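Visitor: got a sequence here, can you build the structure:
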Amino acid sequence: MSNGVNEPVINEVQDSLRPLHNQLVTWGDSRSANLIGDLLGKEAAGEMTIALCGHFSAGKSSLINSLCGKKVLPSGPVPTSANVVSIRNGEPRALIYPAAAKQSAKSQESGQADVTNDQKSLSPKEVSLDELYTYCTNGGDYAAVEVWDHVPLLGSHGVLMDTPGVDSTDDGHQKATHSALHLADAVLYVMDYNHVQSENNLVFAKSLSDWGKPLYLIVNQIDKHRERELSFSKYREEVEAAFKRWQVDYESLLFTSLKVKDHPYNQWVSLTKLITDLIDQREPLLTYSISCSAHHVAEQSLESYQASLQDEKAALLEEMGGEEQAAKVEAETSRLQTELLRLEQLTATERDLMRREVDSLLDNSSLTPADLREIARLFLESRKPKFKMGLLFSGNKTEQEKQERLDRFVKGLREQASAQIVWHLQHLLRRFGEKYGVWSESLQHELEAATPEIGAKQILDSVQPEAMLSGEYVLNYCRQLSTELKAMYRRAAIDFAERILVDVAASTAVEVQRVQQELSELHEQSAAISRYAALQRGIAERAAATQKLLPPRLELSRGGIARGE
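Guide: Here you go, the predicted model:
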């Protein structure tokens, strides 16, 4: 990994913590809010925290003292209910936090609440390192211990975190170890040479791996290795294979010995260099770690919320008759709700559909084919002011010819409209009425009476007597006349469709009442289902709200940090 830092991603992670904290407070999840408050304090401090985990017997405390170059921690485990020890470089001193004091400090860091006088009386106690040993020997209910001493390895930004042994029978110790890890930016998992492949080790290492923090495996007491019994290369292969079988992702595997400094397999120098390198790379690691921890806290918060509803959900499920019955009722309710929506929108839907079909039919019909355009030309010719037939008795012959040409054109238009439009429109409207069971013989008579017929007046009114008779004028006249006649048929069809829709709406109203009654009966029958569904929605809404506030999931690589998938 390098020191590559993606500034926009870092800002996005930092900006997400406060809104997430506030939302958790609003939901009443003080535990998760306190954890995010820890991350806010961690972000402000800018420290690289390296946590050491492992069994009591793995020599973890001795390893930490060796890294510090002096005895900073007591030789045995601190006998408190659930404590974590943080070591920093500085003037020697120690702070011992009672459980309530640590909680109060978290509240102050996160801006969660004002500190009361009672909380102030529980402030952490500052002691010397010698006094620390006495407190540890005497025991007491301490949540955490912070120690400062001259530890050059840590510089001004490094923190070593000692956690309780993972094999402790005290449930509080194990919880303390897990809860402290949300502040760790990297984890060193220390194992005794003889117990590396124990199930306890593998299970805990897997949980660390799943957390996503950079994990380093430390096999301590390598001086116990006997080459004549098993070659070191074979031993290492077996260790690597065991962790691979458990799908434990780790950065590297190191072997150390505190007893035999010059042991050929002792990688003490590599370990100290690793810590120095991690502190140097703190910026991307801090951002990555905070993002991982924020996601982890959010996931645990949601799981806890779901667990808090489990009893109520179980009772509701019993009342519902089980999930299978509930699923059937929900499916039927969903079907009826869909049907009700369809019925309520039916009139508007069918109106739009009918208008589209009428428009399509008229757009694809032809009222003035070539042969009828020739009849139209003769008709238009007869409408010219100077049109005359014969020499003798020309007045009567002319009027007779004009009438005959008009009648022939009207007849041709009617025949064309009947074949191209009228029959199809009547069929469309009849099918529409039959679709909803409202068609009748009387409605058929109404349709026939409502169907318009092309009249001579319409034809005559559309003529422009002064226009020059030409092929272009005949085409334009026929096109305009066709548009006017189609508009006439469209108005008539739409008006009649509205007449049908009145009957359809009346019929639909009966169906709407039936569906509403069925839904009402289902709702009465399934109040438990509604409550159960509300709980499920609440969980989904909380999950969605949390996801919205979370920082981006990040990937850590040699190029630094970047958005993950």
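Visitor: hang on, Leu52 packs against Leu63?
Guide: Yes - Leu52 lies in contact with Leu63 (C-beta atoms under 8 Å); the separation is 6.9 Å. Every C-beta, even on glycine, is put in place using the N, C-alpha and C of the backbone.
Visitor: so what sits against both of those two?
Guide: Taking C-beta atoms under 8 Å, 6 or more residues apart in numbering as the contact rule, Leu52 and Leu63 both touch Val190.
Visitor: mean confidence score for the lengthiest helix in the chain?
Guide: In the chain, taking DSSP state H as the definition, the longest helix is helix 471-525. The pLDDT scores in helix 471-525 average 88.
Visitor: do the same with stretch 23-42
Guide: pLDDT averaged over stretch 23-42 gives 91.
Visitor: with stretch 214-231 instead?
Guide: 93.
Visitor: what about the nearest residue to Val329 once chain neighbours are set aside, how many neighbours?
Guide: Excluding the flanking residues, the one nearest Val329 by C-beta to C-beta, 6 or more residues apart in numbering is Ser526, at 5.0 Å. Number of residues near Ser526 (other C-beta atoms under 10 Å) recorded here: 21.
Visitor: do the same with Ala294
Guide: Neighbour tally, Ala294, other C-beta under 10 Å: 24.
Visitor: so which bits of the one helix or strand it maps to are buried?
Guide: Assigned by DSSP states H and E, Ala294 belongs to helix 282-308. Within helix 282-308, the residues that qualify as buried are 282-298, 300-302, 305-306, counting by 16 or more other C-beta atoms under 10 Å.
Visitor: can you give me how far it is from the chain middle?
Guide: Centroid separation for helix 282-308 versus its chain: 17 Å, with C-alpha atoms, centre = their mean, to the nearest Å.
Visitor: could you give the mean pLDDT of that helix?
Guide: Mean predicted confidence for helix 282-308 is 90.
Visitor: what's it packed up against?
Guide: Packing contacts for helix 282-308, counted by 3 or more C-beta pairs under 8 Å, 6 or more residues apart in numbering; DSSP states H and E, involve helix 7-26, helix 30-45, strand 48-54, helix 527-549, strand 554-557, strand 560-563.
Visitor: what average pLDDT does stretch 537-547 get?
Guide: Mean predicted confidence for stretch 537-547 is 91.
Visitor: can you point out the buried residues in that stretch?
Guide: Arg542, Thr546.
Visitor: contacting residues around it?
Guide: Leu20, Gln23, Trp27, Ala298, Ser301, Leu302, Tyr305, Gln306, Leu309.
Visitor: dump these to JSON lines, plus distance to Arg335.
Guide: What follows is the contacts of stretch 537-547, written out as JSON lines (distance: C-beta to C-beta, whole Å):
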{"residue": "Leu20", "distance to Arg335": "39"}
{"residue": "Gln23", "distance to Arg335": "36"}
{"residue": "Trp27", "distance to Arg335": "35"}
{"residue": "Ala298", "distance to Arg335": "36"}
{"residue": "Ser301", "distance to Arg335": "36"}
{"residue": "Leu302", "distance to Arg335": "31"}
{"residue": "Tyr305", "distance to Arg335": "31"}
{"residue": "Gln306", "distance to Arg335": "29"}
{"residue": "Leu309", "distance to Arg335": "27"}
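Visitor: and the furthest pair within those?
Guide: Farthest apart among those by C-beta to C-beta are Leu20 and Leu309. That separation is 21.3 Å.
Visitor: poorly predicted segments of the stretch 151-300 of the chain, please.
Guide: 166-179 (pLDDT under 70).
Visitor: can you tell me the centre-most residue of the protein?
Guide: Ala544 (5.9 Å; C-alpha atoms, centre = their mean).
Visitor: can you give me the separation between that residue and Leu302?
Guide: 10 Å (C-beta to C-beta, to the nearest Å).
Visitor: for Arg383, give me its contacts.
Guide: Residues near Arg383 by C-beta under 8 Å, 6+ apart: Lys402, Leu460, Val463, Pro465.
Visitor: nearest residue to the third one other than its sequence neighbours?
Guide: Among residues not flanking Val463 along the chain, Arg383 sits closest, at 4.9 Å (C-beta to C-beta, 6+ apart).
Visitor: over to the last one?
Guide: Of all residues not flanking Pro465 in the chain, Arg383 sits nearest, at 5.5 Å (C-beta to C-beta, 6+ apart).
Visitor: over to the first one?
Guide: Spatially, and ignoring its direct neighbours in sequence, Lys402 is nearest to Ser382 (4.4 Å; C-beta to C-beta, 6+ apart).
Visitor: how near is the one you found to Gly395?
Guide: With C-beta to C-beta as the criterion, Ser382 and Gly395 are 14 Å apart.
Visitor: neighbour count: the two, which is higher?
Guide: Legend: neighbour count by other C-beta under 10 Å for Ser382 and Gly395, higher for Ser382 (19 against 10).
Visitor: list the contacts of that one.
Guide: Glu401, Lys402, Arg405, Leu406.
Visitor: helix or strand for the first one, which one?
Guide: Going back to what we said before, that points to Glu401. helix 394-417.
Visitor: in that helix, which residues are buried?
Guide: For helix 394-417, a neighbour-count test (16+ other C-beta under 10 Å) marks Glu401, Lys402, Arg405, Leu406, Phe409, Val410, Gly412, Leu413, Gln416, Ala417 as buried.
Visitor: residues contacting the nearest residue to Arg282 once chain neighbours are set aside?
Guide: Closest residue to Arg282 apart from its sequence neighbours, by C-beta to C-beta, 6+ apart: Met48 at 3.7 Å. By C-beta under 8 Å, 6+ apart, the contact list for Met48 reads His157, Gly158, Val159, Asp185, Ala186, Leu278, Ile279, Gln281, Arg282, Leu285, Leu286.
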